[in-house]
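**Q** coordinates only, no sequence provided:
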């Protein structure tokens with residue numbers, strides 16, 4: 001091979017064949033060849049051939065290149081390459097063809113490659129070699145998410161794929177489908193997840209792999225089990241009322257074993273059942289029996305020490321402390337939802353008055369007895385009115401907490417924190 005930039009092959013004289021004619025100079029003129037009078041011939045000037053090209057090497061990117069090679073010659077020439085990923089046009093020519101376009105295809109391999117393009121001068125029977133080097137392909141592949149978490153209901157999502165490779169996408173579970181099984185370059189892949197009718201949680205994996213590279217990435221699918229219409233949580237029965245939030249409600253009060261039983265009474269944020277007459281003097285989170293000297297759960301300086309805690313902490317939650325598991329006291333929003341998404345009816349169960357709340361979506365129901373409340377040693381509303389704590393502090397006065405009250409119909413209200421009320425526990429299945 002030739003490594004010089006402008007190689008010039010030495011000119012080689014070519015002697016034309018000697019014309020055939022009479023050997024005797026005295027031979028008469030040939031009337032058919034009047035230019036050859038007297039049998040004499042004129043000397044023929046030999047052709048000196050030359051051949052050169054303007055480059056002997058090409059460095060190409062992995063995406064491919066087009067290069068033009070200038071050809072200087074006064075004779076015929078031809079070009080050839082043994083590798084299919086290099087083409088030259090034209091592949092042969094005369095002295096009038098002064099250039100050739102070299103096309104180098106994309107290299108999809110992770111390995112570099114090289115070859116030789118050979119130009120040949122036909123009359124000189126000599127060659128000039130162009131060395132072609134092409135770099136390896138550098139691939140990338142990335143996804144915009146690593147996981148998809150969803151409820152038991154059917155769900156769709158999308159994965160944004162960024163890559164310069166061909167790729168395949170597959171899931172290892174039949175309940176997960178992708179909108180495309182293969183493709184090339186960047187893509188948005190739709191993911192369809194079927195409804196999980198089982199109460200068991202399940203998981204799957206979507207794998208997206210580069211075809212020409214060793215790169216792959218994956219997305220973990222986590223789907224919750226279906227909510228059962230009823231069941232047991234840590235030894236206590238619950239029921240699904242089909243509420244928007246997915247909140248599951250206990251079938252009886254904390255401390256009770258039947259729906260119509262009152263159960264225990266608790267001061268707000270005090271997880272032990274009441275053991276006194278219930279007044280500010282016996283409420284543990286105030287000083288000197290004054291609601292203006294609160295020591296816990298307060299956002300207003302006019303009411304004592306400020307800690308800005310407005311939701312009962314787990315260690316002060318009567319449902320969590322007494323029942324464990326995932327049980328907790330309902331927030332005021334969950335009590336509001338219970339009221340809004342259920343119809344109600346005043347009923348009596350085994351001599352206890354109460355209301356039956358029936359879900360508007362699935363027809364399931366719970367019973368809340370009118371257990372009254374304890375204040376200053378008296379329960380004056382027993383079997384007449386219902387009071388049920390939320391875990392939410394009242395945001396107008398920190399000495400009060402929000403409650404669900406029942407007087408012929410349920411409604412949201414608030415009451416003093418020192419009073420002792422029943423608690424109806426809840427939990428969310430995905431918690």
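**A** Everything's here; your move. No experiment lies behind these values; they were computed from the predicted model shown. Numbers count the residues shown, from 1 in each chain.
**Q** report the spatially nearest residue to residue 406, omitting neighbours in sequence.
**A** Leaving aside its chain neighbours, residue 406 sits nearest to residue 386 (3.3 Å; criterion: Cβ to Cβ, 6 or more residues apart in numbering). For glycine as for every other residue, the C-beta is placed from the backbone atoms N, C-alpha and C.
**Q** could I get the contacting residues of the one you found?
**A** Shown in contact with residue 386 (Cβ atoms under 8 Å, 6 or more residues apart in numbering): 354, 355, 368, 369, 370, 371, 372, 404, 405, 406, 407, 410.
**Q** now tabulate the residues you listed in a markdown table and tack on pLDDT and distance to residue 320.
**A** Formatted as a markdown table, those follow (pLDDT from 0 to 100; distance: Cβ to Cβ, whole Å):
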| residue | pLDDT | distance to residue 320 |
| --- | --- | --- |
| 354 | 97 | 25 |
| 355 | 97 | 26 |
| 368 | 98 | 20 |
| 369 | 97 | 22 |
| 370 | 98 | 25 |
| 371 | 97 | 20 |
| 372 | 97 | 24 |
| 404 | 98 | 19 |
| 405 | 98 | 23 |
| 406 | 97 | 24 |
| 407 | 96 | 29 |
| 410 | 97 | 24 |
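**Q** still on that earlier bit, relative to residue 339, how far out is the residue nearest to residue 406?
**A** Note on residue 386: its distance to residue 339, by Cβ to Cβ, to the nearest Å, is 12 Å.
**Q** now the common contact residues for these two.
**A** The contact lists of residue 386 and residue 339 share 404, 410, where a contact means Cβ under 8 Å, 6+ apart.
**Q** about what we covered before: list just the nearest of the contacts of residue 386 to residue 346.
**A** Nearest to residue 346 among the contacts of residue 386 is residue 355, at 5.5 Å by Cβ to Cβ.
**Q** residue 343 is in contact with that closest one, correct?
**A** No: counting by Cβ atoms under 8 Å, residue 355 stays clear of residue 343, with 10.0 Å between them.
**Q** these two: which is more packed in?
**A** Between residue 355 and residue 343, counting by other Cβ atoms under 10 Å, residue 355 is the more crowded of the two (21 against 10).
**Q** for the more buried one, list each beta-bridge partner.
**A** residue 346, residue 368 (DSSP bridges).
**Q** about what we covered before: mind giving me the PyMOL select for the contacts of residue 386, buried ones only?
**A** Command for PyMOL that selects the buried part of the contacts of residue 386, burial taken from 16 or more other Cβ atoms under 10 Å:
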select buried, resi 354+355+368+369+370+371+372+404+405+406+410
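**Q** nearest the geometric middle of the chain, what residue?
**A** Closest residue to the average C-alpha location of the chain: residue 145 at 2.6 Å, with Cα atoms, centre = their mean.
**Q** tell me the contacts of that one?
**A** 159, 160, 219.
**Q** what residues are up against residue 289?
**A** By Cβ under 8 Å, 6+ apart, the neighbours of residue 289 are 279, 280, 281, 283.
**Q** remind me which residues of the stretch 1-150 of the chain are low pLDDT?
**A** Low-confidence segments of the stretch 1-150 of the chain (pLDDT under 70): 1-41.
**Q** now do the strands in it.
**A** Using DSSP state E, counting those that start in this stretch, the strands found in the stretch 1-150 of the chain span residues 13-14, 47-48, 51-53, 57-60, 65-73, 77-81, 86-89, 92-93, 99-104, 113-121, 126-134, 141-143, 147-150.
**Q** ok, residues contacting stretch 198-205?
**A** The contact list for stretch 198-205 (Cβ under 8 Å, 6+ apart) reads 171-173, 175-176, 196, 218-228.
**Q** swap in stretch 166-181?
**A** The contact list for stretch 166-181, computed with Cβ under 8 Å, 6+ apart, reads 141, 161, 182-184, 187, 189-194, 196, 202, 204-212, 221.
**Q** span of it from start to end?
**A** End-to-end distance for stretch 166-181, by Cα to Cα, to the nearest Å: 11 Å.
**Q** buried stuff in that stretch?
**A** Buried, per 16+ other Cβ under 10 Å, within stretch 166-181: 166, 167, 169, 171, 176, 178.
**Q** longest helix in this protein, by residue count?
**A** Ranked by number of residues, the top helix in the chain under DSSP state H is helix 332-340.
**Q** residues touching it, excluding its own?
**A** By Cβ under 8 Å, 6+ apart, helix 332-340 touches 241, 243-245, 247, 249, 330, 357, 388, 390-392, 402-404, 410-412, 426.
**Q** how distant is it from the center of its chain?
**A** 34 Å (Cα atoms, centre = their mean, to the nearest Å).
**Q** what does stretch 353-372 give?
**A** On Cα atoms, centre = their mean, the centre of stretch 353-372 falls 42 Å from the chain's centre.
**Q** how about stretch 243-261?
**A** On Cα atoms, centre = their mean, the centre of stretch 243-261 falls 38 Å from that of its chain.
**Q** in stretch 424-431, what's buried?
**A** Using 16+ other Cβ under 10 Å as the test for burial, stretch 424-431 gives 424, 425, 426, 427, 429.
**Q** tell me the helices and strands packed up against the helix or strand residue 366 falls within.
**A** Element membership for residue 366 (DSSP states H and E) is strand 365-369. Applying 3 or more Cβ pairs under 8 Å, 6 or more residues apart in numbering; DSSP states H and E, one finds that strand 365-369 contacts strand 342-349, strand 352-359, strand 386-393.
**Q** any idea which of the buried residues of stretch 424-431 is closest to residue 378?
**A** residue 424 (22.4 Å).
**Q** where along the stretch 151-300 of the chain do the strands fall?
**A** Taking DSSP E, counting those that start in this stretch, the strands of the stretch 151-300 of the chain run over residues 155-163, 166-171, 176-178, 182-184, 187-193, 202-210, 216-223, 230-233, 236-240, 247-250, 266-267.
**Q** reformat those strands as JSON lines; add mean pLDDT.
**A** Listed next are the strands of the stretch 151-300 of the chain as JSON lines, based on pLDDT from 0 to 100:
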{"stretch": "strand 155-163", "mean pLDDT": "97"}
{"stretch": "strand 166-171", "mean pLDDT": "96"}
{"stretch": "strand 176-178", "mean pLDDT": "97"}
{"stretch": "strand 182-184", "mean pLDDT": "96"}
{"stretch": "strand 187-193", "mean pLDDT": "97"}
{"stretch": "strand 202-210", "mean pLDDT": "97"}
{"stretch": "strand 216-223", "mean pLDDT": "97"}
{"stretch": "strand 230-233", "mean pLDDT": "93"}
{"stretch": "strand 236-240", "mean pLDDT": "97"}
{"stretch": "strand 247-250", "mean pLDDT": "97"}
{"stretch": "strand 266-267", "mean pLDDT": "98"}
